[in-house]
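# please find the sequence and the predicted model below.
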Amino acid sequence: MTRRSSSVAFSLVALLWAAGTQPVSMRAQEVLDQRVLATQLLGSDKAQRDRALAAIRGLEPARIGPELRGALIAALERENARTRIRHEAGERGETLEPREDDFYGNVAEAVAALRDPRSIPALAGALGTGLLVVRALAAFGELAVPAVLAVVTSPASLTHEVDDGLRTLTLMVENRASAPLSEGTLGRLRQVAGHRLSGKSFVTTLCSAIDLAAALDDRALTETIERLATEPQEAIARGVTDPSDIERVQRRAAVALARAHGGAPLR
């Protein structure tokens with residue numbers, strides 16, 4: 001996946017958002033204060049960034065104006081890019097800078113709290129960081145499907161990103177009674193689930209694909225899950241060879257089938 005890391009681009013995002021409609025009526029001083037927070041959040045001073053983010057997290061999401069919303073989303077995209085760069089550097093065996101996991105997680109939480117559809121690409125870029133992002137994206141339903149599918153199907157995505165993407169899609173399918181998915185989308189998800197169930201895979205990805213396939217309640221997919229639940233060689237054929245991992249796949253398949261036939265949804 002491509003992630004923009006230019007600070008100039010991030011600043012432009014914030015400025016463009018400033019032209020949008022205010023979510024609520026805001027006093028002039030409040031607008032000015034939020035502009036300062038936006039500048040600090042996107043600045044290079046770590047202490048200022050941390051203080052600005054702490055202040056932002058204390059605001060009601062409905063009172064966060066366009067410029068600060070843009071800055072939050074830009075900050076998350078910046079952290080996504082930094083995480084990717086860090087991973088690539090580690091793959092090359094380079095010395096890594098200290099991580100800022102708390103800041104990354106707190107920015108993701110602040111962006112998720114906005115419940116703003118314009119945050120979907122940045123949240124999709126943060127897949128792999130945990131359930132908060134998974135649930136935030138799943139709540140958008142159909143609107144977020146293309147961004148999540150892009151992560152799940154991209155050869156550049158890391159295993160934990162794909163796993164969280166599949167988990168997001170599973171929640172969307174489970175919630176389709178209240179947030180319907182189009183038949184076209186469901187068809188695409190069946191294709192993705194089938195692809196992830198058929199090829200070589202890490203055990204975590206195979207388990208996540210099982211959950212999605214079971215939620216889709218498709219006959220062909222269900223038959224595949226049934227074989228995974230009962231025949232160890234099915235997991236072996238997909239690259240899962242450790243005995244404990246094979247048992248894990250079989251248990252996951254059995255639980256997914258039970259859930260699909262009246263059990264509790266995945267949370």
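Perfect, I can see it now.

# for the one helix or strand residue 109 maps to, the distance to its chain's centre please.
Per DSSP states H and E: residue 109 is located in helix 101-114. Computed by CA atoms, centre = their mean, to the nearest Å, the chain-centroid distance of helix 101-114 equals 12 Å.

# following the strand or helix carrying residue 214, which helix or strand comes up?
Assigned by DSSP H and E, residue 214 falls within helix 203-216. The helix or strand immediately downstream of helix 203-216 is helix 219-230, counting by DSSP H and E.

# what average pLDDT does that next one get?
Helix 219-230 carries an average pLDDT of 96.

# quick check: angle from it to helix 203-216?
In terms of direction (axes from the mean of the first three to the mean of the last three CA atoms, to 10 degrees), helix 219-230 departs from helix 203-216 by 130 degrees.

# list the contacts of helix 219-230.
190, 193-194, 197-198, 206, 210, 213-214, 234-235, 249-250, 253-254, 256-257, 260 (CB atoms under 8 Å, 6 or more residues apart in numbering). For glycine as for every other residue, the C-beta is placed from the backbone atoms N, C-alpha and C.

# next: stretch 196-209.
Here stretch 196-209 has contacts from 152, 159-160, 162-163, 166-167, 170, 193, 210, 212-213, 221, 224-225, 228, 235, 238-240, 242, 245, 248-249, 252, using CB under 8 Å, 6+ apart.

# return the distance of stretch 80-94 from the chain's centre.
The answer for stretch 80-94 is 19 Å, by CA atoms, centre = their mean.

# can I get that stretch as CSV, trimmed to CA atoms?
Taking Å, rounded to 0.1, in the frame of the first residue of the first chain, the C-alpha atoms of stretch 80-94 are listed here in CSV:
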residue,chain,number,x,y,z
ASN,A,80,1.0,4.9,9.1
ALA,A,81,3.8,6.0,6.8
ARG,A,82,6.3,6.0,9.6
THR,A,83,5.3,2.5,10.6
ARG,A,84,5.7,1.3,7.1
ILE,A,85,9.1,3.0,6.8
ARG,A,86,10.2,1.5,10.1
HIS,A,87,9.1,-2.0,9.0
GLU,A,88,11.0,-1.7,5.7
ALA,A,89,14.1,-0.5,7.5
GLY,A,90,13.9,-3.4,9.9
GLU,A,91,13.7,-5.8,6.9
ARG,A,92,16.9,-4.3,5.6
GLY,A,93,18.6,-4.8,9.0
GLU,A,94,18.9,-1.1,9.7
